[in-house]
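Asker: just the structure for this:
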Amino acid sequence: DRVCQDLFRQWSPLLRQAQQVSVLLWAADGSEILEYGGRLEEPFEWACWQGVANPARPYRGDHPETASIHDLPRPYMAAPPVFTYGWLKDLTAALKRIGTAATGLPVRVGATFDPGPEFARSDFKYRRHREICMGDTMGQGTMVCCYATLNADDRPYAGFPKGIPQGTPFGTFLGRQSKHFLADLGFDYLWLSNGFGFGLETWGLKGAVFDGSRFASDRCSEVREKSLRFWRTFRAECPDVPLETRGTNLSTGMDLSSDAVPWQDIYREVTALMPPPNSPWAALNGDFGLELVGWMSHIAAAPGERFPFRYYIHDPWFLNSPWLDRYQREPHDIVLPLTVSRLDGDGRVECPTELEFLTVDDSWGAMPDQVPNEVTPHILAARAMAPDAPGPLVWAYPFDEYHAMTFGPGDRLGEVFFGDWFLRGAVNQGLPLNTVVSTANAVAILARRPEALSASIVVTPVPDADSPWDHALRGWLERGGRVMFYGPLRHASAFWLDTFGVDLREPVEGDLEIEPDGSSDAPDGCRTLRHHALLSAGPLQETPRDGRNPPGLRTARQGTARRAVTALATWPGGGMAAWVRGTVSCDPTRMGGHLLVPYDARDAFPAEGLMRRMLRHTGWEILPLQRRPGQPVPLLCLARHAQGLIIAGYSPDTTCALALRTPLGAPVPSGWDAWMEDGKAVFQPPRAWLRECRVFVDQAAAGTVSCRISRSGFPTVRRRLEVDGLQRATVRFLPEPGTADRVVVTHQAPVPCLNAPRLATRLEDGPLGPCLVIAEVSGQIMISW
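Answerer: From the prediction side, this is the model:
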């Protein structure tokens, strides 16, 4: 009881904001479900190991004391206790009883099924029924595939008292066993771990329809039916239990193009299914672009209004506690994903509704207070600044289109593969992308409530000719909207070829020389564009028309062949469209691991960074001040809250400075100092940050401008910001909703509560909404409301 009481006590500041509490028990690896025979007095193998409990090969070394825990697992303590199913039933009851008493909230308890070898010894998976281990993620034959079938087995099981018949679908077996196990032991839901249910190779870029050298489009329908057979057979046996899923570590487009995972059908057919949370892999490999892109792609078209955010604080199986070690006690994997939101068909913002922690205990069974004490304030701060309007960039995700490309006529898997891998690299190169909407909902927004996107730039693949999205975008641009396209124009209408002044000519791939663009963005980097058709939606064909060299056009050459890689177009009503062809700048000879491996920037131009660079044509400039080619650049997320701009970021290398400019001027976040130079604010950002920004400065002079949160000091004032260091500047201020008419700006105020000369302000409708303008001011101002 004491351990349970401690659990709820530690997280009580967060639980005070909750409506329900869920406790997921990772008692073993799910083999306790597979083995369950209906007898509570029987023991089960449990997760008492540090390291891979079922190594792919037996350890044959001479020094076990120095062997890796991946090769030679160790129990977390000498002589771990033996647990029975009856003990587990008592534990689930205790958690509900104690949790409800401690919190006053309903408490659910969940069970876990994991397809892999990591967590507990499994005789079922790795001795008796190796036929179900079709995936090679952690070595040959190490991962259970959801659409496997079982060989005959005469052992009695709770759902199969006479044994398993030959050829039983694994979905049937797991579903029936789960129904008995969950009901008998008092569990309320089931967690499907590590991608289970979503393909053959749920951790990797290769799979059932992509072998690393070709896409097998002809197999997609067959593999789709196999995947759906799992869900259908499982739900036939276990129809009502709520399901939660880890999903894959990748994205919808990656899952489709490698494993033909039918997300669309799964979302339509499988009842009581929670969408996956963000992947924890970024804690391990620093690939936050993949985490954000993958998560947004999975939630863009998920049904219902609920989706979870998960944070990785302890890894009890592998002797690390990410908050304390991998994250360096820095909150970047809190502040970045908690700026993520999605839009419904009316343009309303939806944020994560579930908060999950993996796990609350460490590798020694301890629950150190330090972790919840340090993590909780960052969670609360991020929730307090959660998005309430679409972000400056809104990703229109082609969820339906990617499924049509995968399972429809034609061979278009390469395009599906390209899109998300390209944007993964773009986010890692500093593109601030954290609001998502499905293209179906985007069409509805532009038809019913286009003003919802008036302060946003829509980021989208080039639409197919004459599709609803194609026509919606044309109308949006004519009304003054802004769009950033990526991808080939091969299937676009002639309208877009004319708009960007290009024609489709002979295909070119391999090494090209990209022309400089005159910017200071990594000026000394490599200019070799390595375009591999396999990874980049085919060869380069877009060719500038003779005599055209408009602003925004950038090309690459191979011999006499010249191909466009970016282009720009404007409309009389203020509409603007940028286009980036896109190259996945990764090495196709290094596809033996889980992910595509980017080229070193000293050997190949990081083409994904062109998305960020093209933003400058929209008034947004994000300029990493790299000290060397290939230096990791800060990742950025931009969100809106209470009409302010929220800036979240992560610096993988804190020696890389960052220069920013917005359409309102150079941003000066609350609590920060900025060096003003060339119209931009230059920062030396910390490892992780989350800041509100309401002050934007335009001044010709270089110098430090600071924005400090000041005390109220006056009964009628709720907030004050002190801005200092101005030199003949124009300052723009984003007021909170309903406060513009009571904002007071004073000049050279010695103390907040004393009178000082008031400055004139004017209210204008700016590109980020209503803002107050203070013109030609020097020194210090105090903004009070």
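
Asker: list the beta-bridge partners for the residue lying closest to Pro392 once chain neighbours are set aside.
Answerer: Distances taken as C-beta to C-beta, 6 or more residues apart in numbering put Leu638 closest to Pro392, at 4.8 Å, once the chain neighbours are dropped. Quick note: C-beta positions are derived from backbone N, CA and C, even for glycine. Per DSSP bridges, the residues bridged to Leu638 are Ile647.

Asker: isn't Leu638 right up against Ile646?
Answerer: Yes. Contact criterion C-beta atoms under 8 Å: Leu638 and Ile646 qualify, at 7.1 Å.

Asker: overlap of the contact sets of these two?
Answerer: Residues touching both Leu638 and Ile646 (C-beta atoms under 8 Å, 6 or more residues apart in numbering): Thr339.

Asker: ok, now how distant is the closest residue in space to Ala111 that isn't next to it in sequence from Phe44?
Answerer: Among residues not flanking Ala111 along the chain, Phe187 sits closest, at 4.5 Å (C-beta to C-beta, 6+ apart). As judged by C-beta to C-beta, to the nearest Å, Phe187 and Phe44 stand 14 Å apart.

Asker: look at the two and report which has more neighbours.
Answerer: Applying other C-beta atoms under 10 Å to Phe187 and Phe44 shows that Phe187 carries more neighbours, namely 22 against 18.

Asker: could you list every residue that touches that one?
Answerer: Contacts of Phe187 (C-beta under 8 Å, 6+ apart): Leu25, Thr92, Val109, Gly110, Ala111, Phe181.

Asker: between those residues, which has the most around it?
Answerer: That'd be Phe181 among the contacts of Phe187, by other C-beta under 10 Å, with 27 neighbours.

Asker: biggest strand in this structure by residues?
Answerer: Across the chain, the longest stretch assigned as strand under DSSP state E is strand 769-784.

Asker: host element of Asn194?
Answerer: According to DSSP states H and E, Asn194 maps onto no helix or strand at all.

Asker: so which residues of the stretch 151-300 of the chain form strands?
Answerer: 168-169, 189-192, 243-245 (DSSP state E, counting those that start in this stretch).

Asker: can you put these in CSV and add distance to Pro387 and mean pLDDT?
Answerer: Formatted as CSV, the strands of the stretch 151-300 of the chain follow (distance: least, C-beta to C-beta, whole Å; pLDDT from 0 to 100):
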stretch, distance to Pro387, mean pLDDT
strand 168-169, 42, 98
strand 189-192, 27, 99
strand 243-245, 24, 98
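
Asker: need these in CSV (columns: distance to Pro737 and mean neighbour count).
Answerer: Output for the strands of the stretch 151-300 of the chain, formatted as CSV (distance: least, C-beta to C-beta, whole Å; neighbours: other C-beta atoms under 10 Å):
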stretch, distance to Pro737, mean neighbour count
strand 168-169, 54, 20
strand 189-192, 38, 22
strand 243-245, 35, 22
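
Asker: need these in CSV (columns: distance to Ile709).
Answerer: Formatted as CSV, the strands of the stretch 151-300 of the chain follow (distance: least, C-beta to C-beta, whole Å):
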stretch, distance to Ile709
strand 168-169, 60
strand 189-192, 42
strand 243-245, 39
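
Asker: which of those strands sits closest to Leu290?
Answerer: strand 243-245 (17.8 Å; C-beta to C-beta).

Asker: just checking, what packs against the closest one?
Answerer: strand 189-192 (3 or more C-beta pairs under 8 Å, 6 or more residues apart in numbering; DSSP states H and E).

Asker: CA atoms only for the strand it packs on - export them in CSV, please.
Answerer: Taking Å, rounded to 0.1, in the frame of the first residue of the first chain, the C-alpha atoms of strand 189-192 are listed here in CSV:
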residue,chain,number,x,y,z
TYR,A,189,-7.6,-1.6,-21.0
LEU,A,190,-4.8,-3.1,-23.1
TRP,A,191,-1.7,-1.3,-24.4
LEU,A,192,-0.2,-2.6,-27.6
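
Asker: who are the packing partners of it?
Answerer: Packed next to strand 189-192, using 3+ C-beta pairs under 8 Å, 6+ apart, are strand 107-113, strand 243-245.

Asker: can you rerun that using 10 Å?
Answerer: On a contact count with 3 or more C-beta pairs under 10 Å, 6 or more residues apart in numbering; DSSP states H and E, strand 189-192 meets strand 21-24, strand 107-113, helix 170-185, strand 243-245.

Asker: give me the pLDDT for the most centrally placed residue in the chain.
Answerer: Central residue of the chain (C-alpha atoms, centre = their mean): Leu292, 1.6 Å from the mean position. Leu292 carries a pLDDT value of 99.

Asker: may I ask which helix or strand encompasses the spatially closest residue to it that is not a sequence neighbour?
Answerer: With C-beta to C-beta, 6+ apart as the criterion, Leu292 has its nearest non-adjacent residue at 5.6 Å, and that residue is Val427. Here Val427, judged by DSSP H and E, is contained in helix 413-428.

Asker: next SSE after that helix?
Answerer: strand 435-438.

Asker: can you list the strands that that next one pairs with?
Answerer: Strand 435-438 is paired, per DSSP bridges, with strand 341-343 (parallel), strand 393-397 (parallel).

Asker: which residues touch the helix or strand just after that strand?
Answerer: Per DSSP H and E, the first helix or strand lying C-terminal to strand 435-438 is helix 439-448. Residues outside helix 439-448 that contact it (C-beta atoms under 10 Å, 6 or more residues apart in numbering): 300-301, 342-348, 390, 394-402, 436-438, 451-453, 458, 460-461, 463, 467-473, 475-476, 479, 481.

Asker: gap between Gly649 and Pro669?
Answerer: 10 Å.

Asker: mutual contacts of these two, please.
Answerer: Phe683, Pro685, Trp689, Leu690, Arg691.

Asker: which of those residues sit farthest apart?
Answerer: Of all pairs in the shared contacts of Gly649 and Pro669, the most separated under C-beta to C-beta is Phe683 and Leu690 at 13.9 Å.

Asker: overlap of the contact sets of those two?
Answerer: Ile647, Gly649, Pro669.

Asker: of the residues you listed, closest to Gln699?
Answerer: Using C-beta to C-beta, the shared contacts of Phe683 and Leu690 come closest to Gln699 at Pro669, 17.0 Å.

Asker: surely the closest one and Ile646 touch.
Answerer: Yes. Between Pro669 and Ile646 a contact is recorded at 9.2 Å, counting by C-beta atoms under 10 Å.
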